[in-house]
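**Q** Got a predicted structure plus its sequence, pasted below:
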Amino acid sequence: MTREPEVLVIGGGATGVGVARDLALRDVDVALIDRDGLCGGTTGRSHGLLHSGARYADTDPEGAAECLAENRILRRIAGVCVRETGGLFLALDGDDDAYFDAKRDACDSVGIPVETVDPATARDRAPGLSADVERAMSVPDAVVSPSRLVAATALDADRHGATIHPHAPLESLTVRGERVTAARVGGRLDDVFRPDVVVNAAGAWAGEVAAMAGVTVAMQPTRGVMVSVDSEGIGPVLNRCRSPADGDIVVPHRTEAVLGTTSVPVRDPDDYDTPRGEIETVIDECAAMVPELADRPIVRHWWGVRPLYAPDEADRGGRGISRGFTLLDHADDGVDGFVTVVGGKLTTYRLMAESTADLVSDWLGVDASCRTADRELPAVDDPNRLDRAVATFDGAGPADVDLLDVPE
């Protein structure tokens, strides 16, 4: 049976599911496919930080302001998907005072609430901090459950008419007359879609999807390791206040702390090295902030691959510069009705989806505005229902598995 939705979204991470939700709320007939369960790529393999924007305030004020705005939106609409923790930026003995001052001033300029606190106050908020902590400032970071957030977003998309298809890998795209006319899908569906518009939200695999349409999307994925250790009571998110480097963040989860991360370019997002040395480096560096982390049992570790767009990475000059998102209209490449969205951060997934849905709506002549910032996601006051949705969409990722009650 051939399926004929107006829009086919390829990719079931936060951005793809966000696009499906946004379009469905505009009464667009939309279908979404993913080769695995939802949240199986970059989204589900993150550290679960809901950015305040402070990390980017000094290098990309516009991107930092986007993070802050989306942080506040998700706090309003995502319920138990978000846990209020606050965050601390910490300068240790030997760290650059000028960097700390520049970070604080940049937060003030962007409008990020920031408060300089003395080391004793910081230790009250985060027991176990190193005696080497000399300066600290608080920012409104938080922790997000990627699996629950994606499941809630998918529930809302489904509620408004979208069809969500996990374990439905894209096998080919057919281009005729400068338009994608068909998408062959395998797995559980084994079917053909004939959409009016195709959205490529495949993350680190976006280049492979684009190539099926004869289009080049130059990706520069980078791998990063996360290490979850048995640890309670840390309190806030901890950020090392220095130029971004390996092992500069600790994200507190329910009974664990996620330590991150590294950033190493890879050629293939499905096939890359996972050296043990990176795990040890991350633990050692994070233990500089909280010494007891060096001795805590490792519960699990995982690598994620960031979906970075190569031209943007070249312009930004590498690690540490805010990674915004890129929206590519492939009409410029001779293929109408085909768009790719890459880059960005989990915190800004809703904004990425809105921008993509705006473009698609223009193409389709849909006169409806975005409603996703003002509508609470479904089931976000009911963790059990959310976890059932995670199971339904096979969307449990390693980032928050300690939080979920999902049958194995």
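**A** Right, received. Where do you want to start? Residues are numbered from 1 along each chain as shown.

**Q** and E285, that's in a helix?
**A** Yes - counting by DSSP: H, G, I helix; E, B strand; the rest coil, E285 is found in a helix.

**Q** For the nearest residue to it once chain neighbours are set aside, give me its contacts.
**A** Spatial nearest neighbour of E285, chain neighbours left out: G247 (2.5 Å); criterion: CB to CB, 6 or more residues apart in numbering. Backbone N, C-alpha and C define where each C-beta goes, glycine included. With contacts taken as CB atoms under 8 Å, 6 or more residues apart in numbering, G247 has the following neighbours: R240, L259, G260, T261, T262, T281, V282, I283, D284, E285, C286, A288.

**Q** Tell me how many other residues crowd the first one.
**A** I take that to be R240. Residues near R240, counting by other CB atoms under 10 Å, number 20.

**Q** cool, and the fifth one?
**A** Neighbourhood size, T262 [other CB under 10 Å]: 21.

**Q** Kindly provide the distance from it to V237.
**A** T262 sits 18 Å away from V237, going by CB to CB, to the nearest Å.

**Q** circling back to that earlier point, kindly reformat the contacts of G247 as a markdown table and extend each row with pLDDT and distance to I10.
**A** Below are the contacts of G247 laid out as a markdown table (pLDDT from 0 to 100; distance: CB to CB, whole Å):
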| residue | pLDDT | distance to I10 |
| --- | --- | --- |
| R240 | 98 | 37 |
| L259 | 98 | 32 |
| G260 | 94 | 28 |
| T261 | 95 | 27 |
| T262 | 96 | 28 |
| T281 | 98 | 35 |
| V282 | 98 | 32 |
| I283 | 98 | 36 |
| D284 | 98 | 39 |
| E285 | 98 | 37 |
| C286 | 98 | 36 |
| A288 | 98 | 41 |
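
**Q** Next up, the contacts around R296.
**A** The contact partners of R296, by CB under 8 Å, 6+ apart, come to V229, D230, S231, A257.

**Q** Under the pLDDT cut-off, which ranges of the chain? List them.
**A** Counting by pLDDT under 70, the chain shows low-confidence ranges at 314-323, 407-408.

**Q** how near is the spatially most central residue of it to L129?
**A** With distances taken as CA atoms, centre = their mean, the residue of the chain nearest its centroid is L346 (2.3 Å). Separation of L346 from L129 (CB to CB): 26 Å.

**Q** Same question for A379.
**A** The gap separating A379 from L129 is 36 Å, by CB to CB.

**Q** and what of V299?
**A** Relative to L129, and taking CB to CB, V299 is found at 22 Å.

**Q** More neighbours: which of those two?
**A** Higher neighbour count among V299 and L129: L129, with 23 against 18, using other CB under 10 Å.

**Q** Check which helix or strand the closest residue to that one other than its chain neighbours maps to.
**A** Once flanking residues are discounted, L129 sits nearest to R123: 4.8 Å by CB to CB, 6+ apart. Using DSSP states H and E, R123 sits within helix 119-125.

**Q** and that helix, which residues are buried?
**A** P119, A122, R123, R125 (16 or more other CB atoms under 10 Å).

**Q** Quick check, G41 in contact with G13.
**A** Yes - contact criterion CB atoms under 8 Å: G41 and G13 qualify, at 5.1 Å.

**Q** shared neighbours, the two?
**A** Both G41 and G13 are in contact with G203, where contact means CB under 8 Å, 6+ apart.

**Q** related to what we said a few turns ago, now which of the contacts of R296 would you call buried?
**A** Neighbour counting by 16+ other CB under 10 Å classes V229, S231, A257 among the contacts of R296 as buried.

**Q** Please report the distance of the residue nearest to E285 from P146.
**A** Relative to P146, G247 is positioned 21 Å away (CB to CB).

**Q** With D156 instead?
**A** Shown here: D156 relative to P146, a distance of 16 Å by CB to CB.

**Q** downstream neighbour of the helix holding R123 in the secondary structure list?
**A** strand 133-139.

**Q** What is that following strand packed up against?
**A** Using 3 or more CB pairs under 8 Å, 6 or more residues apart in numbering; DSSP states H and E, the elements in contact with strand 133-139 are strand 87-92, helix 97-110, strand 115-117, helix 119-125.

**Q** can I assume D329 is in contact with V339?
**A** Yes - with contacts counted by CB under 8 Å, D329 reaches V339, the gap being 5.7 Å.
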